[in-house]
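Participant: Build the 3D model from these lines:
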Amino acid sequence: MVGLFGWELVKILLTVAMLVAAPRIVPGVNWLALLIGMVVTMKAYWVALLLRSGR
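Facilitator: Okay, the predicted model is just below:
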């Protein structure tokens, strides 16, 4: 269980690092689209889990 939380922390830290780096890599980035895409991607795991469990 500790390993799972450790890797989740790594995932969150990498996500924040990519959000910080985005304006330098892609000038003129649309922040609203970027954040919506990130939220949808993160929520897709929960949707897939719910669909797999049959709820």
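Participant: Off-centre distance for the helix-or-strand element of the chain with minimal mean pLDDT?
Facilitator: When the helices and strands of the chain are scored by mean pLDDT, DSSP states H and E, helix 31-53 comes last with a mean of 85. Relative to its parent chain, helix 31-53 has a centroid offset of 8 Å by C-alpha atoms, centre = their mean, to the nearest Å.
Participant: same question, stretch 21-39
Facilitator: 12 Å.
Participant: Contacts for it next, please.
Facilitator: 15, 19 (C-beta atoms under 8 Å, 6 or more residues apart in numbering). C-beta here means a position set from N, CA and C on the backbone, and glycine is covered the same way.
Participant: Can you give me the end-to-end span of it?
Facilitator: 18 Å (C-alpha to C-alpha, to the nearest Å).
Participant: buried residues in it?
Facilitator: Under the neighbour-count criterion of 16 or more other C-beta atoms under 10 Å, stretch 21-39 has nothing buried.
Participant: again with stretch 40-55
Facilitator: In stretch 40-55, counting by 16+ other C-beta under 10 Å, buried: nothing.
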